[in-house]
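Student: Predicted model and sequence below, questions to follow.
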Amino acid sequence: MRSSPAAQPSQKGCVSGVGTGTGLAVIVLIETSIPTVSKRVSVSPERLREFFAPRSLAVVGASDTSGWAQFILASSAAAGFSGPLIPVHPRHETVFGRPAVPSLRDLAEPVDLAFVMVPTDAVPEVIDDAAAAGVRHAVVLASGYREAGPEGRARQDQLVAHAAGRGILLLGPNCLGFLNTHAPAGPFALSVPLPLRPGPVGIALQSGALASAVLAFARSRAIGVSTLVTMGNESMISTADVLGYLVGDEQTRVICLFLEEISEPDRFADAARAAAEAGKPVVVLKTGSSPVGQVAALAHTGSIAGDDAVVEVVLRQLGLIRVASIEELLGTAGLLAYDRWPRGRRMGVLTSSGGACGLIADRASQHDIAIPPFAAQTVTTIKPHLPAFAAAHNPLDVTGYVLANPRETALTAVDHALDAAVADPGLDFVLFCGLTVPDARSPDEGLARLLEERVRWLGERIASAPIPVIPIGTTCVDVSGYARDLTTRHGVHLLGGIDLGMQALGHALRWLENHGTQRHPAPARTLSRAVRNTAASQTASSWSEAAARELLAACAVPLVPAELVTSAEAAAQAARRLGSPVALKVCSAQIAHKSDIGGVALGVHGDAQVRDAYRRVLAAAQTVPGAFVDGVLVTPMRSGGVELLVGVTVDHTFGPVLTVGLGGVWVELLADTSLRILPVTADDVKHMLGELRGSPLLRGARGTRPADLDVLARVVTNVGDAALSIPNGSLRALEINPLWVNGDQVEALDVLLVTEGS
């Protein structure tokens, strides 16, 4: 859970109980969900546009010694805010040389936004003052709310009800505010690395203290920001709201999210789909990767479908780009925000270094980016600009030899090569690793003019080229003020080094290829009355394998034939009817892992062996305290074919999750699985099967019988329906391991169903 700001060291002059959280943790929705108190205040895009573009600001609790107030004053100046900024303090007539008022009630006219930085217990009174003064929007800095446990959650519920009842929309509490460079506005209680550059990248952060680091890296890479929002506790304005706002913001081309939790999954998904429809990439850095421990103890599926694996598939289903670091977050956003988007994976590479060619080629291979040979005409055009010992091939090294020659013209060999490469019909884009801008303007006026003329030409060539040209630096070094001004003036954006740059290209290409393919959730199918009755007939802890088989059968999931017997002789008779060899399994709702206690016998032949096996598995079950044994299941053995795992677990945030993978005894070792959020369609299942490394086994690799994927997909879809039929949200795990597949024959060989209380 996010750390409590109250635990942080206070600054001189800061009011007590005010701060922001910096902790990174896995958030369990059952403990941290946004309060259920009715917000009653519209959080529409129109209202948010008004909220994030205030023309006047009051800072409640400001004083000359307040570090928070100093930050807000400096941030507003950095953003270029020119409207009234009015300090509010009951004991100071002036703050920072500005006239102060004792209370919001004393304002001559309402301000657009109040930044509330008073102690926690004083916030309700300030909300009353804001309502009386006609102030409709507020940022609340104080801590001690949801992040502080049950009492804090109750306090936050009260705050939301208090503000909503007065028509006031809150950002926070436990919030550092926001920046809007295009409004411009800067009610932001943290340092802003200067200069703050307006630009096309919108950012929402669930960690306020990281905001300065994000801004610093953006500045170092000459990436401009449209709006940056620190989310705080999201009591009224949520991440989903801000994502929707940024989707509709004309100044934002790419959206960056730093997430610790997704507490409103349905609304978040709707906003993500709106971003996809608007053609705006969303790049996500999501923390947390712990497994779902309580389910892992019950089913193989749980050890595979951990929290982070579920988040991964949700973000992918929604068409979002997931990254692993702040550098990757902004590097990817910078590429998508400033450079033309490539429409294919065939890349031309132009450098002044053979080593750079090798590094780029290695990274390109990792990201499935092709580097095809240049066309003959491209080679012919490039060759005259190279030294005699250099080869005109892709990737191209014009060699460092040309760098030692005296410069008389602005363009160099790599620039002439670019002029040829952009006309190559076999390329989709060109990666240009041929520009280095010094930290400062050269004192040699002639050299300075040549460089500036070269950057001007490069900008024009990038803009006019028939295919995208993507400039990249060799390493991720800070872009100096001189370099930033020069490249920005001519529309040149340098990717930050080969490693980050190629990662960004890989992300961009995957997003472009998948853009428009993400689907809306599959409609939940109407289950028959027989299915509903079968599911409802079981009590919360009564799912023996026999009962679980009844539910699956009602959902048209084919099962291996089985007989439940209660004597050794009955077992022998059943084995004769079913055909040897057979498997015998103890049947008890209280014994989930039968093989662990010796409750399973496989490959049993003949009456004598069957009778002996019956007695052994029954005796093993009787060693389990409190276990009620229904009897022993006798089933025929199956050979050949492919064994799959099909399981459903329940994620605390996203609900039932379907897992499909190679099964049998190797499931956890191989970890070859694909996940989706339920419900799914048969087409979804086919895509899942195609994602498995072992999918060639289903297509008939090494002479095996190809699986009928249509039949298999329908069966897996029906398993998902069976899981959704469990009443009252009590499902914990449903698992078939293995699901035997042999051509068009599909059978569930072993079934585990665990519900709440089992």
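Tutor: Good, I have the coordinates.

Student: Can you tell me who the nearest residue to residue 630 once chain neighbours are set aside pairs with across the strands?
Tutor: Leaving aside its chain neighbours, residue 630 sits nearest to residue 587 (4.4 Å; criterion: CB to CB, 6 or more residues apart in numbering). Backbone N, C-alpha and C define where each C-beta goes, glycine included. Beta-bridge pairing for residue 587 (DSSP bridges): residue 631.

Student: Now residue 576. Nearest residue, chain neighbours left out?
Tutor: residue 607 is the one closest to residue 576 (CB to CB, 6+ apart), at 7.5 Å.

Student: do the same with residue 342
Tutor: Distances taken as CB to CB, 6+ apart place residue 429 nearest to residue 342, at 3.8 Å, with adjacent residues excluded.

Student: ok, now residue 94?
Tutor: Nearest to residue 94 is residue 100, by CB to CB, 6+ apart, at 5.7 Å.

Student: Can you pull the phi/psi pair for the one you found?
Tutor: phi -110, psi 160 (degrees, to the nearest 10).

Student: could you measure it against residue 59, distance?
Tutor: In this view, residue 100 and residue 59 are 9 Å apart by CB to CB, to the nearest Å.

Student: what's the answer for residue 250, then?
Tutor: For residue 250, the distance to residue 59 (CB to CB) stands at 29 Å.

Student: Look at these two and report which has more neighbours.
Tutor: Each of residue 250 and residue 59 has its neighbours counted (other CB atoms under 10 Å); residue 59 has more, 30 against 7.

Student: check which helix or strand covers that one.
Tutor: Counting by DSSP states H and E, the element that carries residue 59 is strand 57-60.

Student: which is the next helix or strand following that strand?
Tutor: Using DSSP H and E, the helix or strand that directly follows strand 57-60 along the chain is helix 67-79.

Student: starting at the chain centroid, how far to that following helix?
Tutor: Helix 67-79 sits 31 Å away from the centroid of its parent chain (CA atoms, centre = their mean, to the nearest Å).

Student: what pLDDT, on average, does it get?
Tutor: Helix 67-79 comes out with an average pLDDT of 96.

Student: Also stretch 316-323?
Tutor: Confidence over stretch 316-323 (mean pLDDT, whole number) is 94.

Student: Determine how far the last residue of that stretch lies from the first.
Tutor: Stretch 316-323 has an end-to-end distance of 12 Å (CA to CA, to the nearest Å).

Student: now swap in stretch 372-385 and tell me
Tutor: 21 Å.

Student: Contacts for that stretch, please.
Tutor: Stretch 372-385 has contacts (CB atoms under 8 Å, 6 or more residues apart in numbering) with 346, 348, 392-394, 396, 398, 413, 416-417, 419-421, 423-427.

Student: I'd like to know which of those are buried.
Tutor: Buried members of the contacts of stretch 372-385, scored by 16 or more other CB atoms under 10 Å, are 346, 348, 392, 394, 396, 398, 413, 416-417, 420-421, 424, 427.

Student: now, which of these lie within helices?
Tutor: Under the assignment DSSP state H, the buried ones among the contacts of stretch 372-385 contribute 413, 416-417, 420-421 to helices.

Student: and the residue nearest to residue 94, what does it touch?
Tutor: Residue 100 makes contact with 62, 86-89, 92-94, according to CB under 8 Å, 6+ apart.

Student: which one of those has the most neighbours?
Tutor: Busiest of these [other CB under 10 Å] is residue 88, holding 28 neighbours.

Student: And that one, its phi and psi?
Tutor: As for residue 88, its main-chain torsions (degrees, to the nearest 10) stand at phi -130, psi 120.

Student: do you know how far the nearest residue to it once chain neighbours are set aside is from residue 118?
Tutor: What sits nearest to residue 88 in space, not counting adjacent residues and going by CB to CB, 6+ apart, is residue 60, at 4.3 Å. Residue 60 sits 6 Å away from residue 118, going by CB to CB.

Student: All the helices of the stretch 101-250 of the chain, residue numbers only.
Tutor: Ranges of helices within the stretch 101-250 of the chain are 123-133, 150-164, 211-220, 239-248, based on DSSP state H, counting those that start in this stretch.

Student: Single out the most deeply packed of the ones you listed.
Tutor: Burial of the helices of the stretch 101-250 of the chain is given as mean neighbour count (mean count of other CB atoms under 10 Å); helix 239-248 ranks first at a mean of 24.

Student: average pLDDT across the very next helix or strand once past that helix?
Tutor: Once the chain leaves helix 239-248, the next helix or strand it forms, by DSSP H and E, is strand 254-259. Across strand 254-259, pLDDT averages out at 97.

Student: for the helix or strand just after strand 254-259, what is the average pLDDT?
Tutor: Per DSSP H and E, the first helix or strand lying C-terminal to strand 254-259 is helix 265-277. Averaged across helix 265-277, pLDDT comes to 94.
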